[in-house]
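can't give you the sequence, but here's the structure:
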């Protein structure tokens, strides 16, 4: 076992990260429960032509939709990769490589969000 | 049913290899699994190793897996299991020393890490004073004080099975027991411990610990309350220093 | 060792729910990456997008889509249950809430599957 961990010495930032991570995981979960339901409703229930190219582009160019998609994208990117981070940190591998796991997965959040944002910006 | 022959299928370990042994026990009404193990030891195989002490569900020594679920052997009646084949194994997530005896040192070390004693800023043993506590204050933590450290919760915890340094449900329930105690003044010290990487953040409410606790301690409930307190504590620390 | 999360032999429905929550989370995280890549087709032009749509919005993929919806609905509904309990709310009612959760998942999933089926089959 790591002596530092045994002595109870940990970086302040890491502890706050965990609290903030947990709270945002719950908040993003609630946001997703609403927005994913709305997204599914909009793409499958409103009309059969909702997935046609023109209609998809129309939604992407519409400002309120853009904002909704940006919020959805940020929430889902954070929620998914923070969840994976929690799964990895629950293992001995994660315990020994906590810093790397945190950095890689938060980078993944950023990449997923940026990649999706590119699409929103393009339209 | 007053009497029945049951087969005890016991997982054995002699330090090198694992194997199973079967024994026929004449189970009578009221006979516990612990009595069955003593019957095996006295009549079949004296080398069978298991822990037991009080025989009345208060010491926590005899916690083992019975038909796949951790239970106290002294409190589990054979005929109540409704099966003529009883599978007996050591607790999961603990290193097996011999047969049903597991290594509890790590479990107790983790428990001691949360400082499971009243912390007072000033201790004057020469002139002790009574620490007044109302029944309503006692009820806030009483259930969590019933823990007998049997290890059943730890053995079913999925976080404990995948991460060795996770404090575990028993230690964290104990931490909450003292945090919720109005007489305790060690809030900050304990929060620093449970807010760590191997504390509350490894729990994701599988809830199995509360299901198997033989004393109804509800460690899952304690951990959820502890986690909420931890989040508030850390955020307050971040914004208010 | 980490596979013990998914060992729900002789475990209660609470543990099974936890294991399923983790499993559906991983499935949805993988789907997120797939979905973001899929959306790239919009940037590549109408032709590419319509090719993807015509390939995936078909009866052949319907089974996969229905299972995905089950994963999403389960993760969402169970997630709301977890949010409730992780804030210490209604812990004493955890058993009836768990059963209610499964009923809600079943009802919502059956409805969503019906919507998906109607959409894909053009009913």
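Yep, it's here. From a predicted model like this one, the values you see are computed outputs, not experimental measurements. Numbers count the residues shown, from 1 in each chain, chains lettered A, B, ... in the order given.

excluding its backbone neighbours, what's nearest residue B:211?
Of all residues not flanking residue B:211 in the chain, residue C:12 sits nearest, at 4.4 Å (C-beta to C-beta, 6 or more residues apart in numbering or on different chains). In short, each C-beta sits where N, CA and C put it, glycine included.

OK, contacts around that neighbour?
B:207, B:208, B:211 (C-beta atoms under 8 Å, 6 or more residues apart in numbering or on different chains).

Considering the residues you listed, which possesses the most neighbours?
residue B:207 (28 neighbours; other C-beta atoms under 10 Å in any protein chain shown).

Test my guess that it contacts residue C:95.
No: in this structure residue B:207 lies outside contact range of residue C:95 using C-beta atoms under 8 Å: 9.9 Å.

Where does chain C get nearest to chain A, residue-wise?
In chain C, the residue that lies nearest chain A is residue C:29 (4.2 Å; C-beta to the nearest C-beta).

Nearest spatial neighbour of that residue, chain-adjacent residues omitted?
The shortest distance from residue C:29 to any non-neighbouring residue, by C-beta to C-beta, 6+ apart, is to residue A:80 (4.2 Å).

Check residue B:227 too.
Using C-beta to C-beta, 6+ apart, the nearest residue to residue B:227 is residue B:200, at 4.2 Å.

wait, residue B:148 sits on residue B:56?
No: the pair residue B:148 / residue B:56 is not scored as a contact, 10.9 Å apart, by C-beta under 8 Å.

where's the helix or strand where residue A:121 lies relative to the chain centroid, distance-wise?
Secondary structure assigned from DSSP states H and E places residue A:121 in helix A:98-122. Counting by C-alpha atoms, centre = their mean, to the nearest Å, helix A:98-122 is centred 8 Å from the centre of its parent chain.

contact partners of that helix?
When contacts are defined by C-beta under 8 Å, 6+ apart, helix A:98-122 is touched by residues A:14, A:17, A:60, A:66, A:69-70, A:73-74, A:77-78, A:80-82, A:84-85, A:88-89, A:94, B:197, C:32-33, C:36, C:39-40, C:42-43.

Tell me who's in contact with whichever residue of chain A sits closest to chain C.
Here chain A gets closest to chain C at one residue, residue A:80, 4.2 Å apart by C-beta to the nearest C-beta. Residue A:80 sits next to A:112, C:25, C:28, C:29, C:32 when contact means C-beta under 8 Å, 6+ apart.

in what helix or strand does it lie?
helix A:63-89.

How far off centre is the following helix or strand past that helix?
Per DSSP H and E, the first helix or strand lying C-terminal to helix A:63-89 is helix A:92-96. Averaging C-alpha positions (C-alpha atoms, centre = their mean) puts helix A:92-96 22 Å from its chain's average.

what comes up buried for helix A:92-96?
Within helix A:92-96, the residues scored as buried using 16 or more other C-beta atoms under 10 Å in any protein chain shown are A:93, A:94, A:95.

Mind putting those residues into TSV with distance to residue B:52 and pLDDT?
Output for the buried residues of helix A:92-96, formatted as TSV (distance: C-beta to C-beta, whole Å; pLDDT from 0 to 100):
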residue	distance to residue B:52	pLDDT
A:93	37	92
A:94	37	91
A:95	34	90
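
how about the residues you listed in TSV, adding distance to residue C:119?
Listed next are those as TSV, based on distance: C-beta to C-beta, whole Å:
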residue	distance to residue C:119
A:93	42
A:94	40
A:95	45
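
Can you pull out the low-pLDDT segments for the chain?
By default, I'm working from chain A. A:1-16 (pLDDT under 70).

meant chain B, my bad for not saying
Chain B contains residues with pLDDT under 70 at B:1, B:241.

mind running it again at 80?
The model of chain B has pLDDT under 80 over residues B:1, B:123, B:239-241.

Tell me where it has helices.
Assigned by DSSP state H, the helices in chain B fall at B:33-43, B:105-113, B:135-138, B:152-156, B:158-162, B:169-179, B:187-194, B:208-212, B:219-240.
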